[in-house]
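>>> Sequence and predicted structure are below.
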Amino acid sequence: MRNLNRRVRMARWSARHPWRAITGWFVFVILCLGAGMAAGSNAATTEDFWVGEAGHAESMATEGGLQRRPTEHVMISSRSGPLDTAAAASAVHDLTGRMAELPEVDSVADPVRSADGTTLRVTVVLKGPELDGKKNVVPLLGQTAKVAADHPGLVVEETGSPAISKGVNDQRGEDLALSERITLPVTLVILLLVFGSVVMAGVPLLLALSSIAAALGLAMAASHLLPDAGVGTNMILLIGLAVGVDYTLFYLKREREERVRADGRLGPEALVELAAATAGRAIVVSGLAVIVSTATLYFATDVIFSSLATGTILVVAVAVISSLTVLPALLVKIGHRTERSAAKKAARRARRGKPVAAKPVKPENGRVFGALMRPAQRHPAITLCVSVLVMLGVAAPALGLKLIDPGKDTFSRSIPAMQVYDRLTAKFPGLLVKHEVVARSAPDRAGQVKQALVELGRRARKDPLFARNAEPTVHTSADGRISVLELAMPYPAPSDRAIASLDHLRERYLPETVGKLPGVDTAVSGDVARGRDYVAHENSKLPIVIGFLLLLTFVMTVVAFRSVMIGLIGVVLNLLSAAAALGALVAVFQGSWAEGLLGFDSLGAIASRVPLFLFVILFGLSMDYQVFVVSRIKEAMERGMTARAAVLDGIGRSAKVVTSAAMVMVTVFAAFVFLHLTEMKQMGFCLAVAVLLDAVVIRMMILPSILLLLGEHAWWPLRPSPRAANAARTTRPLQNVI
């Protein structure tokens, strides 16, 4: 009762002081944004991404000052015909001079000619750590453009990891703007259909957008405790609009019900208090469920998942606060405005001698919702079996799931730097992918270690999986403790041959050479090793995260509804919807048949972060619907209905709002399918399918079928109230609820 009273007291204060509550909310949003902008964002460093053997190798290389550096490559070629040597030399001289004067540049290498003699390559190394390259590359791109303009007879173009990262960031920003242009109008249309009022439809959007703004500011401040991997903003926008609209929608729906039930006998202040006592509890429980389930991502000990978790937790917490504070104040102001408008209309009709006709009460749900729920009502056993079989059929492709860590080879070719990258690697295959073998030993053994690394490189060059025309290079730190061997490989990082070459290196060549030296610490890094070790790291954490996720979801449900059976049902149904969504994802994205339809190039696998992200986020979001629907059923039982009548009444009353909320979420997530990044497409598609299946199949067919079949046993060990028990003996089964 203490929590209930607190919610009601918050709503009562906001209702009685609406302008204070509204002003206070927007001051809070401005303060959050201001604090975030003042603190700035603390971006994750290269060290934050180190995992597995590759991370150990990079740690040793960094110790010796031999870590990866942000590197750009400028290609100079002829527009047509053979390369003019004099013109190319002039362009190289111009380029070298310009680059050397930039404060961002550390060194400029001598030009290298391609094997066919048609292209010159100038390598430019930037100052600072690897991840800072995308921020510092802009001046270099500007100088390359000037050289190209000064030498119109030549093609002068630049690429490299910094330029590609900048291109990806720019593309991500354009994609997010596109998703907003899609989701906001569609969400507004859905809300207009639900409420039939522009003002009421605007309230959920206003609160969702203001919650997102506040969460963005808080996330910037929080990044100084947990570094931002660059994905937190995406998650705040993705989840913020979805749950912000959902929570407001649930509250508005209950307030409208109380208004109809009161039939003018209660004022707006009393109505929002009643809504706070019921919908407010559902919102708090739903929000806590999302926060708790999302927090399990921290167990992955991965900077990307930590950023996703932090962004989600912050925006959900702010959305819950907005629903309990400023929303009642807005509803009171709107309610008084509606009453004044109704009074004026009634007065005008009275002056004209026309009676005031009472508006007919609209049914809770229309024919569509009735048709969806009718099978469960009439044939629960058959509906349950058929629905579960359909969901399992959709989930079946997940058995063939393949995971991959998407690298730069998977980025969209609409990025100019990626187009240049393809031309660069075609002319200089040795730049495509490199393995880096790192060895650490005592300084007096540097010569012995270097000799063993050279022998390793000699053996690898005989292997067809490695580049034969690229001379292996060994770099040794100034103190002689760290040595790094670079081995080129002419295959893209995610390819099977690239992975096989890494296996050969780690399992054969390294143990047979440097690995035989006692007291020498060795490890392999590089693009292939990074991806493989990252996937292995995620797979090792997956059981831990899923285990805590299932446990915490079960405990939250049991505590909220005091029923072990409801907790078990919730966990099983969430697993079923997640499995079905994952199966649909594999069927669509792991093959190539849908490439033209959805505009992507198949990776032949699923991005390794998607499954774990799907399970955690979906479990949290599914609790929105679970809590809202089951709360209505429990309320009906407490009013004295039988278990069967309560199920039909609760689901019947909540079907429209749950489906409307789901449509908003589906719209938000589906908009990400139109983005360029394949990983974001996969996430958006998977979440959209999961929410749609959860709202329609799970909540309208499977859940009611189970509850109808179990009856009172579904609420074990909670016993029905005396009113419900008496009603069960005296009330006939409800025949025409729908």
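Cool, the structure landed. Only a predicted model underlies this, so the values are computations on that prediction, with no experimental measurement involved.

>>> my read: N169 touches L131, true?
No. N169 lies out of contact with L131 (Cβ atoms under 8 Å); the separation is 11.6 Å. All C-beta spots, glycine's among them, are computed from the backbone N, C-alpha and C.

>>> Between these two, which is the more surrounded one?
With neighbours defined as other Cβ atoms under 10 Å, N169 and L131 compare such that L131 has more, 21 against 13.

>>> any idea how far the residue nearest to the more buried one when sequence neighbours are not counted is from G128?
Distance criterion Cβ to Cβ, 6 or more residues apart in numbering; nearest residue to L131, sequence neighbours excluded, is T46 at 5.2 Å. According to Cβ to Cβ, to the nearest Å, T46 stands 10 Å off from G128.

>>> Can you give me every residue that contacts the residue nearest to L131?
58, 67-68, 129-131 (Cβ atoms under 8 Å, 6 or more residues apart in numbering).

>>> just G40 next, same as before
M220.

>>> cool, and L241?
183, 187, 208-209, 212, 664, 668.

>>> cool, and D246?
So D246 contacts 286, 624, 661, 664-665 (Cβ under 8 Å, 6+ apart).

>>> ok, now F685?
584-585, 588-589, 598, 669-670, 672-673.

>>> wait, which of those residues is closest to G407?
F589 (16.8 Å; Cβ to Cβ).

>>> Just the local confidence number for that closest one, please.
Looking at F589, its pLDDT stands at 94.

>>> Next: M1.
41.

>>> Equivalent analysis for S80, please.
For S80, pLDDT reads 82.

>>> tell me the SS of it?
coil (DSSP: H, G, I helix; E, B strand; the rest coil).

>>> Could you report the neighbour count for it?
Neighbours of S80 (other Cβ under 10 Å): 6.

>>> next one: P82
Neighbour tally, P82, other Cβ under 10 Å: 8.

>>> Can you pull the phi and psi angles for the nearest residue to it once chain neighbours are set aside?
Distances taken as Cβ to Cβ, 6+ apart put T118 closest to P82, at 7.0 Å, once the chain neighbours are dropped. Backbone geometry at T118, expressed as degrees, to the nearest 10, gives phi -100, psi -10.

>>> Which residues are in contact with T118?
77-78, 82-83, 427.

>>> Redo those residues as TSV? Include distance to A222.
Formatted as TSV, these follow (distance: Cβ to Cβ, whole Å):
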residue	distance to A222
S77	47
S78	52
P82	57
L83	53
K427	45
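
>>> what's the farthest-apart pair in these?
P82 and K427 (14.4 Å).

>>> Name the residues of stretch 624-637 that are buried.
624-637 (16 or more other Cβ atoms under 10 Å).

>>> re the thing from before, tabulate the contacts of L241 (a markdown table), appending distance to S483, neighbour count and pLDDT.
As requested, the contacts of L241 are exported to a markdown table (distance: Cβ to Cβ, whole Å; neighbours: other Cβ atoms under 10 Å; pLDDT from 0 to 100):
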| residue | distance to S483 | neighbour count | pLDDT |
| --- | --- | --- | --- |
| T183 | 52 | 22 | 83 |
| T187 | 57 | 23 | 84 |
| A208 | 55 | 26 | 91 |
| L209 | 54 | 18 | 92 |
| I212 | 49 | 21 | 94 |
| V664 | 57 | 27 | 84 |
| V668 | 51 | 29 | 83 |
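
>>> Which members of these occur in helices, if any?
183, 187, 208-209, 212, 664, 668 (DSSP state H).

>>> and the two most separated of those?
For the ones in helices among the contacts of L241, and using Cβ to Cβ, no pair is farther apart than I212 and V664, which are 14.1 Å apart.

>>> In the stretch 601-738 of the chain, where is pLDDT below threshold?
718-738 (pLDDT under 70).

>>> residue ranges of the helices in it, please?
609-638, 643-670, 678-693, 703-710, 722-730 (DSSP state H, counting those that start in this stretch).

>>> Go through the ones you listed and name the closest to Q448.
helix 609-638 (41.4 Å).

>>> quick revisit: of the buried residues of stretch 624-637, closest to I321?
The nearest member of the buried residues of stretch 624-637 to I321, counting by Cβ to Cβ, is D624 at 16.3 Å.

>>> could you say which helix or strand contains the closest residue to the closest one other than its chain neighbours?
Leaving aside its sequence neighbours, D624 sits nearest to S286 (Cβ to Cβ, 6+ apart; 4.6 Å). For S286, the element it lies in under DSSP states H and E is helix 268-295.

>>> Let me know the angle separating that helix from helix 643-670.
70 degrees (axes from the mean of the first three to the mean of the last three Cα atoms, to 10 degrees).

>>> continuing past helix 268-295, what's the next helix or strand?
Taking DSSP H and E, what comes next after helix 268-295 is helix 303-324.

>>> average pLDDT across that following helix?
Helix 303-324 comes out at a mean pLDDT of 93.

>>> how's this structure carved up into domains?
1-39+197-345, 53-166, 416-533 (automatic domain parsing).

>>> Ok, which of these comes nearest V545?
The minimum distance between V545 and the domains of the chain falls on domain 1-39+197-345, with 5.0 Å, by Cβ to Cβ.
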